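# build me a model from this:
(2 chains, ligands or ions: 3)
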Amino acid sequence: MRYFFTLMLLLVPILGVWTFVEADRWQLWFPQNVSSFGGEIDGLFNLILYMVGFTFIVTELALAWFVFKFSANRPGKAVFTHGSHKLEMIWTAIPAVALLFIAFSQMETWAKVKFESNFPKGGKYTKERPIAELWASQFDWRVCYPGDDGAIGTADDLERSYEFVVPVNTDIVFHLRSRDVIHSFFVPEFRLKQDALPGHTIPVWFRAEKEGIYDLVCAELCGWGHYKMSGRMTVVSQAEFDKRMADIKAEWFSNGKEQGQ
Amino acid sequence: MSQATTHAANSPHLEPGEGEAGTVRAHHDHHELGFLRKWIFSVDHKVIGMQFLFSGLVFLALGGLMAMAIRYQLAWPWRPMPGLAWMFPATGGAISPEFYTMLFTMHGTIMIFFVMIPLLTGAFGNFLIPLMIGAPDMAFPKLNMFGYWAMVPAFFFILLGFFVEGGHAAGGWTSYPPLSTIESAAPGSLTGQTCWLLGLTWVGVSSMMGAVNYVTTIVKMRAPGLTMMRLPLTIWGLLITSLLQLFALPVLTAAGILQLLDRTLNTGFFTPTNLQVNNITPDSFLYGADAVGAAAGGQPLLWQHLFWFYSHPAVYILVLPAMGFTSDILAVHARKPIFGYKPMVYSMSAIAGLGFIVWGHHMFTSGMNPALGMTFMVSTVMIALPSAIKVFNWLGTLWGGRIHLRTPMLFACAFVSMFIIGGLSGIWMAATPVDIYIHDTYIVVAHFHYVVFAGSLFAIFAAAYHWFPKMFGRVMNETVGKVHFVGSFIFTNMTFYMMHQVGVAGLMRRTADPYAYDVYQHLQPINEFITISAFCMFAWQIFFVVNFFHSMFWGKRVGRNPWNAASLEWDAPSPPGHGNFDRQLEVYRGAYEFSSPDVAEDFIPQTRKL
Ligand code: HEM
Ligand SMILES: [Cu+2]
Ligand SMILES: [Cu+2]
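Ligands and ions are numbered 1, 2, ... in the order given. Presented below is the predicted three-dimensional model:
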């Protein structure tokens, strides 16, 4: 019986590590990363993975080993001890240092992605002049580009649903807004998630480094249709982007809209 | 389990005790109570504990069934559930998206507020506190009775919600407004959400009465000689939990009432200005539609702060008692004193203290000021420290022991193993940049199921097997118990472990049909695997149900102390009569004097004078 239960406890670290090793091959791992900061986030994930993985293996093996070794079949009494001050100090201090190290190693990337003071400056798109407003509502996404004047909220704004087109290798800043309930902008390939809060305009930035079409996922429960609140993030070359904008403009104003309405 | 005393069931009542405060008085109240007074309107903490236990188990079955339906949908979206066409005539037995949102909302709500909290504090807290501190009952027996009776309106409202127009609440167990407050935002926000709020408020009232009682009882009614530092860790866990309840619950209650006012009187505490809800798709998004929301000026984030200010401490309410049970069970069945008793107490207190300043880790991507996110990250990462200290001390307790692998011990070891996983995955999510990606993915689902299901629920199983003899004077069947353990352990891991990797792949929680997205399409086979494992795990619980009820009536009778444990509850008859103890207690030491070289036996009861 003891052998059997030890084996069960042993299977936890063995299979646990094995599934993580194989996960990539089973396509149960990160989707490709195409954003400028996504690599850092994956790196931080892996840093923690190795640290907690080590702790996981050591503690689970110790548990299995103790259960096996210190069985009631042994002769005599159990060791009579109420603890060890020295050991307590050691296993308080070491994890404390490791945890603080983890916490501090996160700060730079976090600040880079989310602090408004670190948003791209001097480029074409800034916090003040975003590429677009992205509006979330039950259950779709709508993009509002500023039109020729570069300002949103004017009559030449261009609206488009479902697809958000941006140029590649450019610092993009957009404004995230919600018309009704809370939604969340999530593009797995960008490693970027931000809730859309009704009543708030939240600036978001990213830089996509690879052309392609990516799923825009709503990541915050927003009602019965939450599962189908998909959008499309299209990353194209600058030339293609200019062409797309011209198309969008033509389509929008031919739809019975007069400029200067 | 041979050395047990031979007393069967209730031993005869002895002389009344001296009756000074805090001492034990054998009861001299011989008349038989009628069925109603004895089982329904009882003021006996043991009976009230049973009431919580049985209603908790019923809700556990209900919440479990809902989980099965959720898993069914994730494996085979929109496929009719075999044999359930009568329940869902409109869809021929398939789950509709509306129903799916309601399912996971109510699954979470029921499991947390109607199963885990009532089982840990209501059932075991009630049953164990007076017995383990050597008191005849709670400090306020009537209040204790009201504590259970406050659950009755809670049951009423939470069940009523299923039958109202629009169905039950469907805004997640977190109920973020405006989804939960605007009637047209979700079918469940019509009336179901109101039932949800009323139900939860009553659970809060019940928990509050319980907490006041537990704290007072533990502080004032300990047997002579039982100093705080001689208390079993179960009692420490329950005491700290009760303090958490006392300080955190008022915030949830207030928040719930604000949400209720928003819903009924349109107060708009959480409703921002100019909402345009419900699928009006105007030509021009910005200029086409009229705003339907009034100029409310409210703040949706306010709810999140208030909710998590309670609900983060609440997740520790869900685990601290379980940590206490585990500590006691490990010590008894390993025949070893707790390794580092004081560090155990301090780390539980540290968890509780830090637990109040980490709530923002649920809101890293919510739009909260990112500088605030940074500070919440540091406090959250640091809360893993006391958790780690506890794990090391549990391992230290096992080290050098003489381990009897009985069913309660197996479940307690499994708690340690599973809590390690859940605690470690918390660190990923505490790391703000990583959480940008994994927030609201299946990693979060894996994390909290490892701590709450594989952790706390396994500890509840351990406690059930361990204290069953005290509750009913009989033991549960060992063989069936082991079979129950093996299947539960294997299937639980098969169900929840791969959710980590699925989460790394980016799969969102709370989506009825993830395969609507291209990025998630390849995840269907693994979800099928998880679902089948979950079905097996659920079905396996039949071993527990049968064993529990069979042993209640036909299990092997045992005496007072079948495990040769040292704490006070094993001094009382099994099951204890009204008034609990039949002799005067005097405590001389802590609860973990196992394998001391000073005596021939391998344990010294707390009450034995050397
Ligand atoms: C080592 C200590 C722990 C750390 C560092 C930790 C950290 C976290 C973090 C950062 C989140 C938010 C993740 C997100 O939404 O992106 C979270 C969620 C959660 N944690 Fe923990 N946690 C710990 C222990 C526990 C324990 C002991 C429990 C319960 C017994 C628990 C229950 C939960 C629950 C229920 C959620 C999900 C809430 C929801 O969004 O529905 N955690 N945890
Ligand atoms: Cu959504
Ligand atoms: Cu939390």
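# give the contact list for whichever residue of the stretch 101-250 of chain A sits closest to chain B.
Nearest residue of the stretch 101-250 of chain A to chain B: A:Gly199, at 2.6 Å (C-beta to the nearest C-beta). For glycine as for every other residue, the C-beta is placed from the backbone atoms N, C-alpha and C. By C-beta atoms under 8 Å, 6 or more residues apart in numbering or on different chains, the residues touching A:Gly199 are B:272-275, B:298-300.
# ok, and which of the residues you listed reach ligand 1?
Among those, proximity to ligand 1 is found for none (C-beta under 6 Å from any ligand atom).
# PyMOL command to pick out the buried ones of those residues?
Of the contacts of A:Gly199, the buried ones go into a single PyMOL selection, burial set by 16 or more other C-beta atoms under 10 Å in any protein chain shown:
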select buried, chain B and resi 272+274+275+298+299+300
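# ligand 2 next: which of the contacts of A:Gly199 are close?
Residues of the contacts of A:Gly199 in contact with ligand 2 (C-beta under 5 Å from the ion): none.
# any chance of CSV for the contacts of A:Gly199, columns secondary structure?
Formatted as CSV, the contacts of A:Gly199 follow (DSSP: H, G, I helix; E, B strand; the rest coil):
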residue, secondary structure
B:Pro272, coil
B:Thr273, coil
B:Asn274, coil
B:Leu275, coil
B:Gly298, coil
B:Gln299, coil
B:Pro300, helix
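# does the residue nearest to the spatial centre of chain B belong to a helix, a strand or coil?
Chain B has B:Met116 as the residue nearest its centroid, 2.5 Å off, counting by C-alpha atoms, centre = their mean. Three-state call for B:Met116 (three-state DSSP): helix.
# any idea how far it lies from chain A?
Counting by C-beta to the nearest C-beta, to the nearest Å, the gap from B:Met116 to chain A is 22 Å.
# does the longest helix seen in chain B reach chain A?
For chain B, the helix with the greatest residue count under DSSP state H is helix B:233-265. No - judged by C-beta under 8 Å from any C-beta of the partner chain, helix B:233-265 and chain A are separated, with a smallest distance of 13.0 Å.
# again with stretch B:172-184
Yes - using C-beta under 8 Å from any C-beta, stretch B:172-184 reaches chain A at B:172, B:176, B:178-179, B:182.
# how about the residues of chain A by ligand 2?
A:183, A:218, A:222, A:226, A:229.
# narrow these to just the buried residues.
Neighbour counting by 16+ other C-beta under 10 Å classes A:183, A:218, A:222, A:226, A:229 among the residues of chain A next to ligand 2 as buried.
# inside strands: which ones of these?
The strands, defined by DSSP state E, take in A:183, A:218 from these.
# and the buried ones among the residues of chain A next to ligand 2, which two are the farthest apart?
The most widely separated members of these, counting by C-beta to C-beta, are A:His183 and A:His226 (8.5 Å).
# intersection of neighbour lists for these two?
The contact sets of A:His183 and A:His226 overlap at A:218, A:220 (C-beta under 8 Å, 6+ apart).
# rewinding a little: export the contacts of A:Gly199 as a markdown table, with columns for distance to B:Phe54 and pLDDT.
Below are these laid out as a markdown table (distance: C-beta to C-beta, whole Å; pLDDT from 0 to 100):
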| residue | distance to B:Phe54 | pLDDT |
| --- | --- | --- |
| B:Pro272 | 44 | 85 |
| B:Thr273 | 48 | 78 |
| B:Asn274 | 50 | 74 |
| B:Leu275 | 44 | 77 |
| B:Gly298 | 41 | 85 |
| B:Gln299 | 42 | 92 |
| B:Pro300 | 39 | 93 |
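# give me the subset of the contacts of A:Gly199 touching chain A.
B:272-275, B:298-300.
# in contact with A:Lys112, which residues?
Contacts of A:Lys112 by C-beta under 8 Å, 6+ apart are A:37, A:40, A:118.
# mind checking the SS state of the residue nearest to the first one when sequence neighbours are not counted?
Nearest residue to A:Phe37, sequence neighbours excluded (C-beta to C-beta, 6 or more residues apart in numbering or on different chains): A:Val113, at 5.4 Å. Secondary structure state of A:Val113, per three-state DSSP, is helix.
# tell me which residues of the longest helix of chain B are tucked away?
Residues B:233-245, B:248-249, B:251-253, B:255-256, B:258-260, B:262-263 are the ones in helix B:233-265 that count as buried (16+ other C-beta under 10 Å).
# show the pLDDT at the residue positioned nearest the centre of chain A.
Nearest to the mean C-alpha position of chain A, by C-alpha atoms, centre = their mean, lies A:Arg191 at 3.8 Å. The pLDDT attached to A:Arg191 in the predicted structure is 97.
# does it touch B:Ile436 like I think?
Yes - at 6.5 Å, A:Arg191 counts as touching B:Ile436 under the criterion of C-beta atoms under 8 Å.
# overlap in contacts, those two.
Residues touching both A:Arg191 and B:Ile436 (C-beta under 8 Å, 6+ apart): A:Ile41.
# now do the contacts for the closest residue to B:Ser366 other than its chain neighbours.
Closest residue to B:Ser366 apart from its sequence neighbours, by C-beta to C-beta, 6+ apart: A:Asp195 at 5.0 Å. Neighbouring residues of A:Asp195 by C-beta under 8 Å, 6+ apart: A:182-185, A:202, A:219-220, B:365-367.
# regarding A:Asp195, what is its secondary structure?
Secondary structure of A:Asp195, per three-state DSSP, is strand.
# for it, give the beta-bridge partners.
In this structure, A:Asp195 bridges to A:Ser184 when assessed by DSSP bridges.
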